[in-house]
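**Student:** got a predicted structure here, sequence first:
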Amino acid sequence: MDRRSFVKNGAVLGAAAAALPRFGFAQVKGSDRIKVALIGCGGRGTGAACNMIAADPNIKIVALGDLFPEKLDKAANKIHDFAKKSVGESKASEIIDPSKVKKFSGWDNADQVLAEDIDVVIEATPPVFRTPHYEKIVAAGKHAFLEKPGAVDVIQGRKMYKLAEEASKKGLCVVCGNQRRYDNRYQDLVKRMQDGEIGELLAGQCYWNNGGYIGAWAHGKEGTEDTLEYQIRNWWCFIWASGDNIVEQHVHNIDVLMWAFGSDRMPVEVTTGLGGRSTDLPCPRYGDRFSHFAIDYDMGNGLRMASYCHQDPNTTPNVSERIIGTKGIFQGLRLTDHKGKTIYAPGKLELDPYIAEHKYLLSAIRSGRRVNELRHLINSNMVAIAGRMSAFSGKRFKYDWMVKKSEENIVPQNVDFMGKTQDLSLKNPVSVPVPGKYKLV
């Protein structure tokens, strides 16, 4: 999809909502500043707020929310420092005033944030919170930027498909953090592939291979590793909180292939799922995630997709995508013939895609267009979940079975994500999945 296609899609989505107020259900009165709230004040959330300022400084961040109160002041100060560098010290406080911005903490911080007068929400919490928080965001009638992934399991994925439809009916904009879709080079190359420049697409491979285990910097008091608080604070280490690295991180690369193949072209079958934990870091201190995955997807009509990701210390890194066509190959952000000679290379990066995704969202909100990119993310998200399920269980299965019938739910059953309070000392024992023993449900 190129940038013009984004605009076209936005116009279609917005047709039914053309009569809505300028900024949707939470209209700015007496100002053209879009009022923004941030839920999830860790590194990615704080970074996303800074990216939004870079995209359009005519915003005001009015509320911050996080489960842990000590993150709020740090986030406010960091965002303010970025604003000072962007627009100058005298104007930075018009974007965010660390002493005046409203700050909410606790299990119900999202509810408190959504009670404020805001137009758009940045949701950048640990992934397991994304679905329940977006349910609340849609109910409150707010536009949203959602970090990836959108769901950690099949149950959440199904819910997000329904929320995407509900958001469209309400005329709400939602843009997601699969930022390669906002990179002009990828847009150019994907359009060329879809237009047949490398012929019929036969196969694709995607990689996110890290040279280190992301959970290696887990922190917290020894002996608390089986508590909710430890596992949420170290969410990237735990399957239930993150979805594992194939879902939380590698979804970026899977999304590129899904985009090129056609966003509604889903797998027919997950034929092979391999994976394990080769790191010697102990569980649960350093989480229960697999360190590596290798998945083969049958996309139908002879098209195959292979997914590879690992986080093994002292191994060769590779973050890339490769697509083979009858006339050529997409690799290394260029098109080549089958012998490696460049057929086409795109121009330079025009705008950091981490900024471009926010520019796309805010421009749509200001113009009254209604854009909804959630389904693209959830399609790729569910494909990643299917790969994880196959690797954990060692089983092959039809993709349609998973989408319609699987009962996989990895979220702790005694945790109420829609509630007001939660005991964070609650025990949640975890273990590394064992293929052949892990039940496919």
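**Tutor:** Sure thing, it's come through.
**Student:** domain assignment for the chain?
**Tutor:** Structural domains annotated on the chain: 3-181+354-378, 195-343+382-405, as defined by automatic domain parsing.
**Student:** comparing these, which gets the lowest mean pLDDT score?
**Tutor:** Mean pLDDT is lowest for domain 3-181+354-378 among these, at a mean of 90.
**Student:** next, the contact list for Arg396, please.
**Tutor:** For Arg396, the contacting residues are 269-273, 390, by CB atoms under 8 Å, 6 or more residues apart in numbering. Placement of C-beta: from N, CA and C, glycine included.
**Student:** swap in Ala92?
**Tutor:** Contacts of Ala92 (CB under 8 Å, 6+ apart): 80, 83-84, 86.
**Student:** excluding chain neighbours, what is closest to it?
**Tutor:** Closest residue to Ala92 apart from its sequence neighbours, by CB to CB, 6 or more residues apart in numbering: Ala83 at 3.8 Å.
**Student:** buried stuff in the helix or strand containing the one you found?
**Tutor:** Following DSSP states H and E, one finds Ala83 within helix 70-87. By neighbour count on 16 or more other CB atoms under 10 Å, the buried set for helix 70-87 is 71-72, 75-76, 78-80, 82-83, 87.
**Student:** try stretch 434-441
**Tutor:** Across stretch 434-441, burial judged by 16+ other CB under 10 Å covers 435, 438.
**Student:** pLDDT averaged over that stretch, what's the number?
**Tutor:** So the average pLDDT for stretch 434-441 ends up being 96.
**Student:** show me the contacts for the residue sitting nearest the centre point of the chain.
**Tutor:** What sits nearest the mean C-alpha location of the chain, by CA atoms, centre = their mean, is Lys148, with 0.7 Å. Residues counted as contacts of Lys148 (CB under 8 Å, 6+ apart) are 127, 176-178, 248, 251-252, 377, 381.
**Student:** list just the nearest of those residues to Asn209.
**Tutor:** When those are compared for distance to Asn209 (CB to CB), His252 wins out at 12.8 Å.
**Student:** so what touches the helix or strand that contains that closest one?
**Tutor:** Using DSSP H and E, His252 falls within helix 251-261. Contacting residues not belonging to helix 251-261 are listed as 1, 148-149, 178-181, 186, 190, 193-194, 201, 204, 206-208, 265, 299, 303, 305, 307, 309, 319-321, 323, 330, 376-377, 379-381, 383-384, 387 [CB under 8 Å, 6+ apart].
**Student:** how far out from the middle of the chain is it?
**Tutor:** 13 Å (CA atoms, centre = their mean, to the nearest Å).
**Student:** for the buried residues of helix 70-87, which one is nearest Ile155?
**Tutor:** The nearest member of those to Ile155, counting by CB to CB, is Lys71 at 28.1 Å.
**Student:** and for Asp280, the neighbour number?
**Tutor:** Neighbourhood size, Asp280 [other CB atoms under 10 Å]: 9.
**Student:** tell me how far it lies from Glu222.
**Tutor:** Distance check for Asp280 against Glu222: by CB to CB, to the nearest Å, it reads 18 Å.
**Student:** again with Gly273
**Tutor:** Per CB to CB, Gly273 is found 34 Å from Glu222.
**Student:** more neighbours, these two?
**Tutor:** Neighbour totals were compared for Gly273 and Glu222, and Gly273 leads with 25 against 7 (other CB under 10 Å).
**Student:** where exactly do the strands run in the stretch 101-250 of the chain?
**Tutor:** 102-105, 120-123, 143-146, 174-176, 201-210 (DSSP state E, counting those that start in this stretch).
**Student:** wait, which of the ones you listed is closest to Ala37?
**Tutor:** Nearest to Ala37 among these is strand 120-123; the distance by CB to CB comes to 5.0 Å.
**Student:** packing partners of the closest one?
**Tutor:** Helices and strands touching strand 120-123, as assessed by 3 or more CB pairs under 8 Å, 6 or more residues apart in numbering; DSSP states H and E, comprise strand 34-39, helix 43-55, helix 130-140, strand 143-146, helix 353-367.
**Student:** show me which helix runs longest in the chain.
**Tutor:** Ranked by residue count under DSSP state H, the longest helix found in the chain is helix 374-393.
**Student:** tell me the angle that helix makes with helix 130-140.
**Tutor:** Computed with axes from the mean of the first three to the mean of the last three CA atoms, to 10 degrees, the direction of helix 374-393 lies at 160 degrees from that of helix 130-140.
**Student:** pull out the buried positions in helix 374-393.
**Tutor:** Applying 16+ other CB under 10 Å to helix 374-393 flags 374-393 as buried.
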